[in-house]
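Asker: Have a look; sequence and predicted model below, questions after that.
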Amino acid sequence: MSNHTLQQEAALVQRLSSGDEEAFRVLFEWYTPKLLAFVIGMTKSQTQAEELVQDSFLKIWTNRASMANVEDFGGYLFIIARNKVMDHFRRMTTEAKVKHAVWKNISESQNSTEEHIDASESRRLVSAAIEQLSTQKQTIFQLSRYEGLTHEEIAEKLGLSKSTVKNHLVETLRHIKEFLQRHTDTAIMLVIMHFLKK
């Protein structure tokens with residue numbers, strides 16, 4: 001998290017509560033690295049942590065009008081993230097050992113009555129954008145972002161040049177960004193694109 005004063009943060013939170021997307025962007029950039037490390041420490045999964053951090057910021061943006069009453073934004077954000085992790089592990093209770101590990105390392109929090117906001121809508125938008133692409137671009141994107149293959153590995157797998165793979169990914173990300181600009185607001189697009197651009 002970048003160095004900043006409590007006064008600067010308080011001012012940004014007030015702007016956020018009024019729907020200021022630039023204030024949201026600054027807070028997002030300040031807190032994402034530390035929040036991601038915090039969630040990775042609990043989930044032991046980079047991919048799962050990214051999704052839960054995304055969920056947490058989407059919840060902040062959705063409930064931005066109530067942020068004016070939040071005195072400790074950082075603490076509030078980390079509580080949201082912790083609750084997201086708790087919810088995630090509750091859905092995995094079929095694995096007794098996982099449940100035990102979660103409750104051993106995370107303090108049980110009171111049931112939240114806050115509205116459950118997750119990234120399902122953002123994932124739907126990204127999927128809709130990808131469906132408009134050629135089959136080859138869809139395949140390259142899936143191999144890169146969902147299977148974690150390098151440009152070189154994708155090129156070898158599909159019989160393409162490395163530069164072709166790179167160009168297709170650049171074009172795909174540009175297409176997704178333009179699609180999101182047409183179908184959602186800037187703040188939500190910022191969160192989604194941050195985790196697509198690995």
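Answerer: Looks like it arrived, so ask away.

Asker: switch to C-alpha atoms for all contacts and neighbour counts from now on
Answerer: Will do.

Asker: now residue 151: how far from residue 61?
Answerer: Look at residue 151 and residue 61: by CA to CA, to the nearest Å, they are 34 Å apart.

Asker: What segments of the protein are helices?
Answerer: 6-17, 21-43, 46-62, 73-90, 96-105, 120-131, 135-141, 151-158, 162-183, 186-196 (DSSP state H).

Asker: Number of residues surrounding residue 147?
Answerer: 10 (other CA atoms under 10 Å).

Asker: Then residue 182?
Answerer: 10.

Asker: Same question for residue 63.
Answerer: 16.

Asker: Then residue 177?
Answerer: Neighbours of residue 177 (other CA under 10 Å): 18.

Asker: Hmm, it is touching residue 171, no?
Answerer: No - contact criterion CA atoms under 8 Å: residue 177 and residue 171 do not qualify, at 9.9 Å.

Asker: so of the helices of the chain, which one's packed in deepest?
Answerer: helix 46-62 (a mean of 21; mean count of other CA atoms under 10 Å).

Asker: okay, the angle between that one and helix 73-90?
Answerer: Interaxial angle of helix 46-62 relative to helix 73-90 (axes from the mean of the first three to the mean of the last three CA atoms, to 10 degrees): 130 degrees.

Asker: Mind splitting this structure into its structural domains?
Answerer: Per automatic domain parsing, the domain ranges recorded for the chain read 6-105, 120-196.

Asker: Would you identify the least confidently predicted of those, using mean pLDDT?
Answerer: Looking over the domains of the chain, mean pLDDT reaches its minimum on domain 120-196, with a mean of 82.

Asker: My understanding was that residue 143 contacts residue 153; is that so?
Answerer: No - shown here, residue 143 and residue 153 do not form a contact pair, counting by CA under 8 Å, at 9.2 Å.
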